[in-house]
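Starting from these lines, generate the structure:
(one chain, ligands or ions: 1)
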Amino acid sequence: MKEKIITLLAKHLKKDSSSIISLLEVPQDPTHGDYAFPCFILAKEMKKNPVQIAQELANSLKLLKEIEKIEAKGPYLNFFINRALLAQQTLKTILKEKEKYGSQKIKGKVVIEFPSPNTNKPLHLGHARNIVLGQAVTNLLNFVGNDVQVANLYNDRGVHICKSMVAYEKFGKGESPEKAKSKTDHFVGDYYVKFTQEAKDNKQFEEEAQECLKKWESGDKKTRELWKKMNSWAFKGFEETYKLFDLKIKHNYYESNIYNKGKEIVFEGVKKGIVKKKEDGAFFIDLTPYDMGEKILLRADGTSIYTTQDIYLALLKYTEFKFDKSLYVSASEQNYHFKALFKILELLGYSWAKNLTHLSYGMVNLESGRMKSREGNVVDSDNLISDMKMMANEEIEKRHKEIPLKEKEHRSHTIVMAALRYYFLKVDRTKDVTFKPEESLKFEGDTGPYLLYTYARAQSILSKAKSAKAKKQALPQLSDKEKQLIIHLTKFPQIVQSAYASYAPNLIANYSYQLAQSFNEFYHSHQVIGSPEEAFRLKLVQASSLVLKNSLSLLGIPVLEKM
Ligand code: ARG
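The predicted structure is shown next:
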């Protein structure tokens, strides 16, 4: 409808549509119509007073079936769209396009990297946020038509993993996850914790970790074997956690394979005069003109650092994918790292450096209480999810006395993951979050379970009405609540576009919540089945549940038919 107005104006004023688009406003006051065109823009070229221009345009523009009324109000030209027609068209479009409603056909190639853990400990709550965000952005990218490749980097070498190794060598003689009946990545993480505890009173531990790293670098057989064994435990455990999140990764990169290869690019930088050598032999790039200081790229002893590996990895991804965009989902702690990395790549002359984006996200905290982990450390994702599952099961058992175990399992897992995803995704990704498991699991309020519940409620109306197959019905007089709901449905494609443009799944989450609220307001004040407007209202219920399902699926939340 906006387009109709634009074309109408463009034709009449003999102007480019593009010049009109940016001028069209949405009035604050709804009595001023749905769109307004400010006529003072035309005053100069028409050499007329804008009030007069508005008046003349109002008289001369022809109404369309999409535009009910055109009114001059001071220097503004106000357009009133045909709400009834809009309602009809929206419902028709949704029911026809179904899960494609709101999608687009942009053709781009995008690489998105997450969760990229270190291999010395299990995935913690920050990784949960990382995965949930990465998946939601992936869904959004796909929905607008991109070819999206999920890539993951394992930081599988370095002093952190050596610490777990040193502690295992000292205290873990003969132990294995199988014998200890421990999840494999937790087993590795326990030795990392052990190392940290022991190193507090014993300086020698740190030295031994450095020693281990040197041996690793020189390819010492025993060290490499232990490293392989412990990493394989970490990987195995990660895979199990990924399953909980339904995360499938197509491309895995390993720091151990690439960390050395960045060096050559650094040396090329030296030839180009961009990278310089310090007195002590270290190589650095001067980022002071960009307020990022001097960035070391190779240490004095020739070893590479975190950035060096990322320089190579960025290039490797470009060679493999010829991406239009390459995204990195990673915590805000690494803002400087990525800013510097992208600048370095630009200075090294890679034209695609401008297409790299850091999808930064805030810290995750926990309220102290039930969820604080046994050792007082950060809580890992596995334990959090299984604790939440217990809570969800209690709730389900209260509501349904006899529910088959398999169904209960399915429901509680879906509810827990919806709670977790929604809690993280409803806030701006850059903000810190305090995760409150109980709150996230509530069936009422701004929560994932509330949205699932709303969907199930809509489904239950539809299933009751199956027999009364929707007849054709002329559009009845719409109530305010119905109008509101339809307008909300109409907005979905725009919301998708904005969420995509700024990688902001929170816009989709907030939209879902408002949609659910608007639907529930309608539901509580209108009879659907058996009312004279039944056919129309069933369509409205069906369209609402389709759009809710679409928006939830963008958040990575599958729906439940019953709850
Ligand atoms: N492994 C790192 C960490 O846990 C994150 C890696 C992010 N990705 C990258 N290409 N640097 O902090």
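
Now do the contacts for the closest residue to L123 other than its chain neighbours.
Using C-beta to C-beta, 6 or more residues apart in numbering and skipping the chain neighbours, the partner closest in space to L123 is S381 (4.7 Å). (C-beta placed from N, C-alpha, C; glycine too.) Residues in contact with S381 (C-beta atoms under 8 Å, 6 or more residues apart in numbering) are 122-125, 127-128, 241, 244.

Narrow those residues to those in helices?
Applying DSSP state H to the contacts of S381, the entries found in helices are 125, 127-128, 241, 244.

So which of these wins on neighbours?
A128 (27 neighbours; other C-beta atoms under 10 Å).

Let me see the ranges of the helices in the stretch 101-250 of the chain.
With DSSP state H, counting those that start in this stretch as the definition, the stretch 101-250 of the chain shows helices at residue ranges 125-143, 159-171, 177-180, 184-201, 204-217, 221-244.

Turn the ones you listed into JSON lines, columns for distance to K436 and mean pLDDT.
Listed next are these as JSON lines, based on distance: least, C-beta to C-beta, whole Å; pLDDT from 0 to 100:
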{"stretch": "helix 125-143", "distance to K436": "12", "mean pLDDT": "98"}
{"stretch": "helix 159-171", "distance to K436": "30", "mean pLDDT": "96"}
{"stretch": "helix 177-180", "distance to K436": "32", "mean pLDDT": "97"}
{"stretch": "helix 184-201", "distance to K436": "24", "mean pLDDT": "95"}
{"stretch": "helix 204-217", "distance to K436": "36", "mean pLDDT": "96"}
{"stretch": "helix 221-244", "distance to K436": "20", "mean pLDDT": "98"}
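
H12 against N59, yeah?
No. H12 is beyond contact range of N59, at 11.8 Å (criterion: C-beta atoms under 8 Å).

Tell me which of those two has more neighbours.
H12 (12 against 9).

which other residues reach stretch 135-144?
102-106, 108, 110, 112, 148, 150, 245, 247, 327, 329, 359, 421, 425, 496-497, 499-500, 503, 505, 508, 553-556.

list the buried ones in it?
135-141, 143-144 (16 or more other C-beta atoms under 10 Å).

Check stretch 293-311 too.
295, 297-298, 304-305, 307-311.

Show me where the stretch 251-400 of the chain has its helices.
255-258, 262-271, 306-321, 335-347, 381-399.

Make a markdown table from the ones you listed and add distance to the ligand and mean pLDDT to it.
Formatted as a markdown table, these follow (distance: least, C-beta to the nearest ligand atom, whole Å; pLDDT from 0 to 100):
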| stretch | distance to the ligand | mean pLDDT |
| --- | --- | --- |
| helix 255-258 | 8 | 96 |
| helix 262-271 | 12 | 96 |
| helix 306-321 | 5 | 97 |
| helix 335-347 | 7 | 98 |
| helix 381-399 | 14 | 94 |
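
Would you format the ones you listed as TSV with distance to Y35 included?
Converted to TSV, those look like this (distance: least, C-beta to C-beta, whole Å):
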stretch	distance to Y35
helix 255-258	53
helix 262-271	52
helix 306-321	41
helix 335-347	39
helix 381-399	46
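
And those: which comes nearest E178?
The closest of the helices of the stretch 251-400 of the chain to E178 is helix 381-399. By C-beta to C-beta, the value is 17.3 Å.
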